[in-house]
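Chemist: no sequence for this one, just the structure:
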Ligand code: HEM
């Protein structure tokens with residue numbers, strides 16, 4: 001690799017700031033609202049007039065929260081309220097027995113063997129993304145990758161491309177929705193009291209209703225096709241025909257609409273963010289791009305096969321390095337259900353517990369040269385050891401991302417196929433500034449000069 005590459009990192013704020021100053025900073029951007037010491041800290045406590053929040057970086061602590069006693073740290077009510085208009089009570093936001101039941105029905109659809117069935121959908125979407133890039137030019141790649149990732153998820157769920165009438169309408173309704181609701185997943189951080197009314201903007205609710213109406217039509221049609229024995233064998237059919245092994249019950253239409261909306265949102269915004277940052281990172285290193293293209297030529301050739309994706313070692317390392325530096329969901333918010341003691345401090349029930357893939361991925365005690373883009377670290381014993389304590393872009397434990405296996409095929413596949421056909425170069429004066437919206441995005445998009453690979 002050519003030289004040390006330091007991609008953009010938000011400027012951390014000065015150490016001391018008032019609560020109201022914090023709210024102001026937070027509203028501008030949560031990543032730069034946090035002080036620099038969080039990249040070194042084992043734990044940090046934030047007191048607001050209404051509640052206390054703990055950011056837990058120390059590996060035994062985040063493992064306690066996510067892996068060992070997740071039932072004592074449920075997802076926060078604030079987050080549920082923020083996501084409810086679109087996601088309803090889906091598995092992303094539910095807790096306890098309700099969440100367990102939903103996972104029992106959904107997990108079989110994402111098991112290793114089933115991923116093979118989603119591969120043709122990913123490949124078709126990747127080919128369509130390559131075709132859409134055409135002769136290249138100056139391109140905003142976040143938007144392009146959103147389109148590509150939405151195409152992947154629609155083809156995998158409902159066997160329809162994103163260009164299809166309803167799929168396209170859902171995609172556009174989601175984009176409009178996001179524009180009105182930028183901080184959804186991070187709502188749990190706002191230092192407002194629990195009783196503070198959380199009105200959704202009228203436009204947010206309007207877009208949410210439209211999204212759910214469109215998805216209801218698709219789901220009802222699929223239910224009829226399943227009844228008639230004409231349904232395609234895709235994720236939607238699999239989920240709708242799987243019975244809870246404990247109760248024998250299946251999802252009703254309303255529950256299925258919650259899940260589809262969630263898969264669509266959780267499964268395309270995240271992958272799109274990761275792919276866009278990956279393309280920016282490789283744009284900084286032409287030699288790495290040449291190696292990615294060579295790997296893709298050897299491993300995938302002109303007719304990529306599912307079994308070959310596991311041999312895309314370099315593409316996977318590059319994608320993982322992008323997930324480390326720019327984890328699409330930067331912070332995971334939980335709530336203490338009972339009194340706890342963290343590093344000799346009493347944590348009261350109701351306190352916010354924040355596990356931060358963003359800070360862990362760049363933590364100075366865990367990684368060597370944490371801010372540098374260095375895919376080679378993934379093949380070193382130190383890199384692998386650091387990953388065990390500091391790499392959780394898909395979260396960890398029983399509530400980890402259901403689509404992690406899916407995303408780790410989709411991401412390297414799209415990256416390899418794009419690097420095989422194109423070269424990417426940064427645009428002078430347009431360095432992207434990372435900010436956290438629903439996912440980690442660039443404030444003014446990610447612009448790259450794209451050319452067909454000669
Ligand atoms: C690079 C891509 C992706 C990343 C980085 C990612 C990350 C995450 C993270 C961090 C969580 C936990 C959120 C929390 O604890 O608050 C999560 C949950 C989830 N993700 Fe993903 N995700 C990705 C792709 C996908 C895909 C492709 C799908 C579906 C096809 C998906 C479906 C879900 C679902 C359903 C949950 C909720 C799981 C539960 O709470 O039981 N994700 N994801």
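Modeler: Arrived safely, thanks for sending. Keep in mind that what you see is a predicted model, and the values were worked out from it rather than measured.

Chemist: Could you tell me which ranges of the stretch 301-450 of the chain sit under the pLDDT cut-off?
Modeler: Scanning the stretch 301-450 of the chain for pLDDT under 70 picks out nothing.

Chemist: Tell me where it has helices.
Modeler: Taking DSSP state H, counting those that start in this stretch as the criterion, the stretch 301-450 of the chain contains helices spanning 313-325, 357-361, 381-390, 404-421.

Chemist: So which of these is nearest residue 153?
Modeler: Closest of the helices of the stretch 301-450 of the chain to residue 153 is helix 404-421, at 9.0 Å (criterion: C-beta to C-beta). In short, each C-beta sits where N, CA and C put it, glycine included.

Chemist: tell me the angle of that closest one relative to helix 313-325?
Modeler: 120 degrees (axes from the mean of the first three to the mean of the last three C-alpha atoms, to 10 degrees).

Chemist: does helix 404-421 come close to the ligand?
Modeler: Yes - Helix 404-421 lies within reach of the ligand by C-beta under 6 Å from any ligand atom, at 406, 407, 411.

Chemist: Up against the ligand, what does the stretch 51-200 of the chain have?
Modeler: 91, 92, 103, 153.

Chemist: For the second one, report the pLDDT, please.
Modeler: This points to residue 92. Looking at residue 92, its pLDDT is 94.

Chemist: Right, and the ligand sits closest to which residue of this structure?
Modeler: Closest residue of the chain to the ligand, C-beta to the nearest ligand atom: residue 403 (2.2 Å).

Chemist: Around that residue, how many other residues sit close by?
Modeler: By the criterion of other C-beta atoms under 10 Å, residue 403 has 23 neighbours.

Chemist: likewise the one 10 residues further on?
Modeler: Residue 413: 26 surrounding residues under other C-beta under 10 Å.

Chemist: these two touch, right, it and residue 312?
Modeler: Yes - at 7.3 Å, residue 413 counts as touching residue 312 under the criterion of C-beta atoms under 8 Å.

Chemist: residues shared between the contacts of these two?
Modeler: residue 300 (C-beta atoms under 8 Å, 6 or more residues apart in numbering).

Chemist: Do a quick rundown of the helices in the stretch 101-250 of the chain.
Modeler: 112-133, 141-158, 165-180, 202-228, 235-241.

Chemist: Run the chain-centre distance for the last one.
Modeler: The gap between the average C-alpha position of helix 235-241 and the chain average comes to 22 Å, counting by C-alpha atoms, centre = their mean, to the nearest Å.

Chemist: Not counting that helix itself, show me its contacts.
Modeler: Outside helix 235-241, the residues that reach it (C-beta under 8 Å, 6+ apart) are 105-106, 108-109, 114, 118, 156-158, 218-219, 222-223, 225-226, 231, 250-251, 256, 259-260, 263.

Chemist: Is it positioned near the ligand?
Modeler: No - Helix 235-241 does not reach the ligand (C-beta under 6 Å from any ligand atom); its nearest approach is 7.5 Å.

Chemist: Quick check: buried residues in that helix?
Modeler: 235, 236, 237, 238, 239, 240 (16 or more other C-beta atoms under 10 Å).

Chemist: Same check on the third one?
Modeler: Along helix 165-180, the positions that meet the burial threshold by neighbour count (16+ other C-beta under 10 Å) are 167, 168, 170, 171, 173, 174, 176, 177, 178.

Chemist: Give the full set of residues in contact with the third one.
Modeler: By C-beta under 8 Å, 6+ apart, the contact set of residue 170 is 154, 211, 214, 215, 264.

Chemist: Now the last one: closest residue in space, sequence neighbours ignored.
Modeler: Taking C-beta to C-beta, 6 or more residues apart in numbering, and ignoring the residues beside it in sequence, residue 264 has residue 153 as its nearest neighbour in space, at 5.8 Å.

Chemist: In contact with that neighbour, which residues?
Modeler: 263, 264, 267, 268 are the contacts of residue 153 under C-beta under 8 Å, 6+ apart.

Chemist: before we move on, the earlier item: tell me the one of the residues of the stretch 51-200 of the chain next to the ligand nearest residue 58?
Modeler: residue 92 (26.3 Å).

Chemist: Quickly find the element holding that closest one.
Modeler: Using DSSP states H and E, residue 92 sits in no helix or strand.

Chemist: Return the residues in contact with the nearest residue to it once chain neighbours are set aside.
Modeler: Distances taken as C-beta to C-beta, 6+ apart put residue 262 closest to residue 92, at 4.8 Å, once the chain neighbours are dropped. Counting by C-beta under 8 Å, 6+ apart, residue 262 touches 87, 90, 91, 92.

Chemist: Test my guess that the last one contacts residue 264.
Modeler: No - using C-beta under 8 Å, residue 92 and residue 264 do not qualify as a contacting pair, with a distance of 11.2 Å.

Chemist: center of this protein, which residue is that?
Modeler: residue 270 (2.9 Å; C-alpha atoms, centre = their mean).

Chemist: for that residue, what are its contacts?
Modeler: 149, 328, 329, 407, 439.

Chemist: So what's the residue count around the fourth one?
Modeler: Residue 407 sits with 23 neighbouring residues when counted by other C-beta under 10 Å.

Chemist: just the first one next, same as before
Modeler: Residue 149 is flanked by 29 other residues according to other C-beta under 10 Å.

Chemist: for the last one, same thing?
Modeler: Under the neighbour criterion other C-beta under 10 Å, residue 439 is assigned a count of 26.

Chemist: got it, and the third one?
Modeler: When counting by other C-beta under 10 Å, one arrives at 23 neighbours for residue 329.

Chemist: what do you get for residue 234?
Modeler: For residue 234, using other C-beta under 10 Å, the count is 21.

Chemist: For it, give its distance to residue 109.
Modeler: Applying C-beta to C-beta, to the nearest Å, the value for residue 234 to residue 109 is 9 Å.

Chemist: Make CSV out of the contacts of residue 170 and add pLDDT and neighbour count.
Modeler: Below are these laid out as CSV (pLDDT from 0 to 100; neighbours: other C-beta atoms under 10 Å):
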residue, pLDDT, neighbour count
154, 93, 30
211, 90, 25
214, 92, 23
215, 93, 24
264, 89, 24
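
Chemist: Can you say which two of those residues are spatially most distant?
Modeler: 154 and 211 (13.0 Å).

Chemist: if we can go back for a sec, got the contacts of residue 262 as TSV, with neighbour count columns?
Modeler: Shown next, in TSV, are the contacts of residue 262 (neighbours: other C-beta atoms under 10 Å):
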residue	neighbour count
87	25
90	24
91	24
92	24
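
Chemist: And those residues, which two are furthest apart?
Modeler: Farthest apart among these - using C-beta to C-beta - are 87 and 91, which lie 9.0 Å from each other.

Chemist: which parts of the stretch 251-400 of the chain sit against the ligand?
Modeler: Residues of the stretch 251-400 of the chain that fall close to the ligand, judged by C-beta under 6 Å from any ligand atom: 262-263, 266-267, 270-271, 274, 328-329, 332, 393-395, 399.

Chemist: at 5 Å instead, please
Modeler: Applying C-beta under 5 Å from any ligand atom, we find that the stretch 251-400 of the chain lies next to the ligand at 263, 266-267, 270-271, 274, 328-329, 332, 393-395, 399.
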